[in-house]
Every structure is written in structure tokens, then in C-alpha cells.
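**Q** here is my input, please return the structure:
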Amino acid sequence: MSIADEARTQLATELGARLWALGVLDSPDEVIRAARRAEGMAARTAPALASDDDREAAQATIDVLCALWPGAVPAAWWATPVGRLCARSLGDDPEAVTHSVAAAMLGVTRGTIATWVHRGDLARHPDGGVLRGSVMARLAR
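**A** Just a heads-up that it's a prediction; the model follows:
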């Protein structure tokens, strides 16, 4: 199964749970419709997240993060298929992320990121920030 297929399944589940929660305030028919809508949304969004078109993937990332995590993103979520696809779209440099983005991805403060970079626990990007690969490696642990 490809990461896009795994992401589609995950999105359908996560979006479905949110829509279901809203649907129960209305009627049983709305809950059924919500589950169908979540499948359709996931089928459209997962390929966009996995797209080689950076703009399409970035917009899908923004949409997913706003829909699923309007507040702080749980650190463990970044290691999921959708989290990994979103992580690759963050930042302007495909090799680097800012300390703030690294902190959000790892569920720690910017100060912790600075300490880890200083100690060599995360790799510093030559132009500033943190190497995305070192953040992804830490997530995989």
C-alpha cells in the first residue's frame, strides 16, 4: 500500500470522526452522510498531499492542519502517513525547517530545538534552521 493510500485511509478515519461528532447533533441520517463525505474528502485530499506539485501539496497541508488540528498538533501524529506527507510540505527550503516548525513537529519548545541543535541531536542547516531529515529521523524513533 502506498503512503497516499495509507493517508487516504487515515484521513477518512480522522475526518469522519470529526464530522460524525457534528452529525450526531443533527440526526442519524446526517451521521451516515458525514461518513460518506469524509471518504470523498479523503479521496481528493490524499493525492494532493502526495503531489509532486509543491503548491498543491502545501495547500492540502494547510487545509488538513486547519481541519484536523486548529491548535497544537500532537507530536506522535507527525509520524503517521498524513503527518509525514504534511511534514514534507512545511517550509520554503525542502531541506530545512525553522526552529518553530521543528518544535511543532516534535511537540517541544523552540528552546528545546535550539538546545538539541547546539548539542548535535538535530542537524543544523547551513543557511539556518534545522535539517528536515534530522527532524524526520527523530520522529521515526
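**Q** and the residue most central in space within the chain, what is it in contact with?
**A** In the chain, the residue lying closest to the centroid (C-alpha atoms, centre = their mean) is Gly83, at 3.2 Å. Applying C-beta atoms under 8 Å, 6 or more residues apart in numbering, we find Gly83 in contact with 73, 77, 139. Any C-beta I mention is one placed from the backbone N, CA and C, and that applies to glycine too.
**Q** let's have the residues you listed in a markdown table, adding pLDDT and secondary structure.
**A** A markdown table is the format used below for the contacts of Gly83 (pLDDT from 0 to 100; DSSP: H, G, I helix; E, B strand; the rest coil):
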| residue | pLDDT | secondary structure |
| --- | --- | --- |
| Val73 | 79 | coil |
| Trp77 | 87 | helix |
| Leu139 | 75 | helix |
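**Q** buried members of the residues you listed into PyMOL, please.
**A** The buried residues among these can be selected in PyMOL (16 or more other C-beta atoms under 10 Å) with this line:
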select buried, resi 73+77+139
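**Q** which element is the residue nearest to the centre of the chain on?
**A** helix 81-87 (DSSP states H and E).
**Q** all helices for this structure, in order.
**A** In the chain, the helices defined using DSSP state H lie at 3-23, 28-49, 54-68, 81-87, 99-106, 110-119, 132-140.
**Q** of all those helices, which one is nearest His125?
**A** Of all the helices of the chain, helix 132-140 sits nearest to His125, with 8.3 Å by C-beta to C-beta.
**Q** so how far is Arg138 from Gly107?
**A** From Gly107 across to Arg138, the span is 11 Å (C-beta to C-beta, to the nearest Å).
**Q** the two - which one has more neighbours?
**A** More crowded of Gly107 and Arg138, by other C-beta atoms under 10 Å: Arg138, with 19 against 15.
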